[in-house]
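Enquirer: Here's my sequence, what's the structure:
(one chain, ligands or ions: 1)
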Amino acid sequence: MAKDNFVEQIADIEKDFPQWYTDVVVKTKLVDYGPVKGTMVIRPYGYAIWENIQREMDKRFRAAGIENAYFPLLIPMSFMTKEAEHVEGFAPEVAVVTHAGGEKLAEPLVIRPTSETIIGSMYSKWIQSYRDLPVLMNQWANVMRWEKTTRPFLRTSEFLWQEGHTVHASEEEAMEMTLKMLGVYEEFAATCLAMPVLTGRKTEKEKFAGAVATFGMEAMMHDGKSLQAGTTHYLGQNFAKAFDIKFLDKDGVLKYGYTTSFGVSTRLIGAIIMTHGDARGLVLPPVVAPVQAVIVPIAAKKEGVLEACRALKERLAAAGVRAVLDDSENSPGWKFNEWEMKGVPVRIELGPRDLEAGKCLLARRDTHEKTECALAGAEESVKALLSDISHNMYARAKARMEERIVTASSLEELLSAVDKGNFVRAGWCGCRACEDRVKEFAQATARVLDKEHTQTTCVACGKKAESTVIFARAY
Ligand code: ZN
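Expert: Okay, here's the model as predicted:
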């Protein structure tokens, strides 16, 4: 078969990035479209990435003292209306169950778009004293938000996520938790997804409905657009007051708790694809890749080749490497292309000549470089290579992001910069009208407030800048 078959199936990444994305997610069998518009089926290859994300994230939650629990999918409509901003923010996208068991329900039920309300109602039952605090829980669940325009992983009506919900005795402690989890997400993105992010506070306009303050992590995609890859929220006493989460403090006074919430979702898979992918397809970060190494036998029918490949696979598995042996009937060239499209970090080629020399060939997906290694001890060579690939992918993505953050001091400059696929650092006076003006003029939004306030004048009105903002077009 022609060597370029697979590449021809995928749109040109530079010319038509949206089509490239669609081609890649479908052709590598990460997802398929569900029968209801806006829904996606996560196929085994995509779900395995999610399971690896869950496993790595759960380790970090355990280390932070967070326990997993599970709360119901259905939320009484009356709960949603208890926090005014919350209901206003979510009303346009909730799906509501009005009938069940052949009858109209006395109270409509909302399919959870997020669970602050139902979890808050349970916390009010469980928390009585300062001794019950802090409460640190997380749930892995599906949520539903009725979206008008959808794309697999990036925006679908139903998606999978984790949502952490904590209650604390003081504002300081709750804020500390909010920032600590932002740090956990940032470290996770770097270590497990090889994905650099910008973190920071969101503007009032961009914050979570019902939060006092929202913090986000933003990642730069291949086309220079930003993707919000995770958020943490300091909720103050807003939900505690709406759901009566009170505790008797040490001083004998009954007080409202301070709550937080934080989440990442299957969007992260979209972020991985669009951060690292190239003309040949997926490039998966080794820590979450379902298959870390694929063994392709060369001249598989020659004596001893398949046996050696099987033995190597066993040794890799024993060393903790997720390895597969492709012993299908397809030609080696066909296999190379297929596994490249699927983004497997390392390909191992093993044929009769290698066997004779006691060697095998390692091809890395990120740079396409090939190196030989001794067959004895190949496990260690593969593990070292996986680690190197992870670091290289991170460094490459970070260099690209840093290169493409530019400053602008006027709307025209800002527009021209985002047109070229940059993030833009610009001053902002803090008023909503100027934020809206940027959106209208350049179709760019405030992604996060920059940690360092370096700009002196507002990009939209020219008045004194209260903060420095990272603006970008966003998914
Ligand atoms: Zn202004």
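Enquirer: Helices of the stretch 301-450 of the chain, start to end?
Expert: Using DSSP state H, counting those that start in this stretch, the helices of the stretch 301-450 of the chain run over 305-318, 332-341, 352-357, 378-403, 411-419, 432-442.
Enquirer: can I get these in JSON lines with distance to the ion and mean pLDDT?
Expert: Glycine gets a C-beta too; all of them are placed from N, C-alpha and C. Formatted as JSON lines, the entries for the helices of the stretch 301-450 of the chain read as follows, by distance: least, C-beta to the ion, whole Å; pLDDT from 0 to 100:
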{"stretch": "helix 305-318", "distance to the ion": "58", "mean pLDDT": "98"}
{"stretch": "helix 332-341", "distance to the ion": "47", "mean pLDDT": "96"}
{"stretch": "helix 352-357", "distance to the ion": "65", "mean pLDDT": "96"}
{"stretch": "helix 378-403", "distance to the ion": "26", "mean pLDDT": "98"}
{"stretch": "helix 411-419", "distance to the ion": "11", "mean pLDDT": "98"}
{"stretch": "helix 432-442", "distance to the ion": "3", "mean pLDDT": "98"}
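Enquirer: and the ones you listed as CSV, adding distance to residue 26 and mean neighbour count?
Expert: Shown next, in CSV, are the helices of the stretch 301-450 of the chain (distance: least, C-beta to C-beta, whole Å; neighbours: other C-beta atoms under 10 Å):
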stretch, distance to residue 26, mean neighbour count
helix 305-318, 29, 16
helix 332-341, 12, 19
helix 352-357, 35, 15
helix 378-403, 23, 17
helix 411-419, 29, 18
helix 432-442, 32, 16
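Enquirer: Format those as JSON lines; extra columns: distance to residue 91.
Expert: Output for these, formatted as JSON lines (distance: least, C-beta to C-beta, whole Å):
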{"stretch": "helix 305-318", "distance to residue 91": "50"}
{"stretch": "helix 332-341", "distance to residue 91": "42"}
{"stretch": "helix 352-357", "distance to residue 91": "63"}
{"stretch": "helix 378-403", "distance to residue 91": "35"}
{"stretch": "helix 411-419", "distance to residue 91": "31"}
{"stretch": "helix 432-442", "distance to residue 91": "21"}
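Enquirer: Could you name the stretch from those helices that's closest to residue 133?
Expert: Among the helices of the stretch 301-450 of the chain, the nearest to residue 133 by C-beta to C-beta is helix 432-442 (35.5 Å).
Enquirer: just the CA coordinates of the closest one, formatted as PDB?
Expert: Coordinates of each C-alpha in helix 432-442 appear next as PDB, following Å, rounded to 0.1, in the frame of the first residue of the first chain:
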ATOM      1  CA  ARG A 432     -16.500  46.000  31.300                       C
ATOM      2  CA  ALA A 433     -17.100  48.300  28.300                       C
ATOM      3  CA  CYS A 434     -13.400  48.100  27.300                       C
ATOM      4  CA  GLU A 435     -13.400  44.300  27.700                       C
ATOM      5  CA  ASP A 436     -16.500  44.200  25.400                       C
ATOM      6  CA  ARG A 437     -14.800  46.600  23.000                       C
ATOM      7  CA  VAL A 438     -11.800  44.200  22.600                       C
ATOM      8  CA  LYS A 439     -14.200  41.300  21.900                       C
ATOM      9  CA  GLU A 440     -16.100  43.300  19.300                       C
ATOM     10  CA  PHE A 441     -13.000  44.700  17.600                       C
ATOM     11  CA  ALA A 442     -10.800  41.700  17.600                       C
END
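Enquirer: what's the angle from that helix to helix 411-419?
Expert: 60 degrees (axes from the mean of the first three to the mean of the last three C-alpha atoms, to 10 degrees).
Enquirer: which residues in the stretch 151-300 of the chain form helices?
Expert: Under the criterion DSSP H, counting those that start in this stretch, the stretch 151-300 of the chain carries helices at the ranges 171-193, 238-243, 267-276.
Enquirer: Now do the buried residues in the first one.
Expert: What that stands for is helix 171-193. For helix 171-193, the neighbour count (16 or more other C-beta atoms under 10 Å) marks 173-175, 177-179, 181-182, 184-186, 188-193 as buried.
Enquirer: Check which helices and strands it is in contact with.
Expert: Secondary structure elements in contact with helix 171-193, counted by 3 or more C-beta pairs under 8 Å, 6 or more residues apart in numbering; DSSP states H and E, are helix 44-63, strand 158-168, strand 198-201, strand 213-220, strand 226-236, strand 258-265, helix 267-276.
Enquirer: so how far is it off the chain centroid?
Expert: Relative to the chain's own centre, helix 171-193 is displaced by 14 Å; criterion: C-alpha atoms, centre = their mean, to the nearest Å.
Enquirer: could you give the angle of that helix to strand 226-236?
Expert: Angle, helix 171-193 to strand 226-236, by the same axes, to 10 degrees: 160 degrees.
Enquirer: Helix 171-193 vs helix 267-276, what angle?
Expert: Interaxial angle, helix 171-193 versus helix 267-276 (the same axes, to 10 degrees): 50 degrees.
Enquirer: on that earlier part again, and residue 301, which of the helices and strands packed on helix 171-193 is closest to it?
Expert: Ranking the helices and strands packed on helix 171-193 by their distance to residue 301 (criterion: C-beta to C-beta) puts helix 44-63 first, at 28.4 Å.
Enquirer: Tell me which residues are up against that closest one.
Expert: For helix 44-63, the surrounding residues in contact (C-beta atoms under 8 Å, 6 or more residues apart in numbering) are 25, 28-31, 42, 68, 138, 140, 153, 160, 162, 164, 184, 187-188, 191-192, 264, 266, 268-269, 272, 284, 287-290, 342.
Enquirer: how about the CA coordinates for it, as PDB?
Expert: As requested, the backbone C-alpha atoms of helix 44-63 are provided in PDB (Å, rounded to 0.1, in the frame of the first residue of the first chain):
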ATOM      1  CA  PRO A  44     -11.800   2.800  23.700                       C
ATOM      2  CA  TYR A  45      -8.700   4.600  22.400                       C
ATOM      3  CA  GLY A  46     -10.100   7.900  23.600                       C
ATOM      4  CA  TYR A  47     -11.500   6.600  26.800                       C
ATOM      5  CA  ALA A  48      -8.100   5.000  27.700                       C
ATOM      6  CA  ILE A  49      -6.600   8.500  27.600                       C
ATOM      7  CA  TRP A  50      -9.300   9.700  29.900                       C
ATOM      8  CA  GLU A  51      -8.600   6.800  32.300                       C
ATOM      9  CA  ASN A  52      -4.900   7.700  32.400                       C
ATOM     10  CA  ILE A  53      -5.800  11.300  33.100                       C
ATOM     11  CA  GLN A  54      -8.100  10.100  35.900                       C
ATOM     12  CA  ARG A  55      -5.500   7.900  37.500                       C
ATOM     13  CA  GLU A  56      -2.800  10.600  37.500                       C
ATOM     14  CA  MET A  57      -5.200  13.300  38.700                       C
ATOM     15  CA  ASP A  58      -6.600  11.000  41.500                       C
ATOM     16  CA  LYS A  59      -3.000  10.500  42.800                       C
ATOM     17  CA  ARG A  60      -2.800  14.300  43.200                       C
ATOM     18  CA  PHE A  61      -6.200  14.500  44.900                       C
ATOM     19  CA  ARG A  62      -5.200  11.800  47.400                       C
ATOM     20  CA  ALA A  63      -2.000  13.700  48.200                       C
END
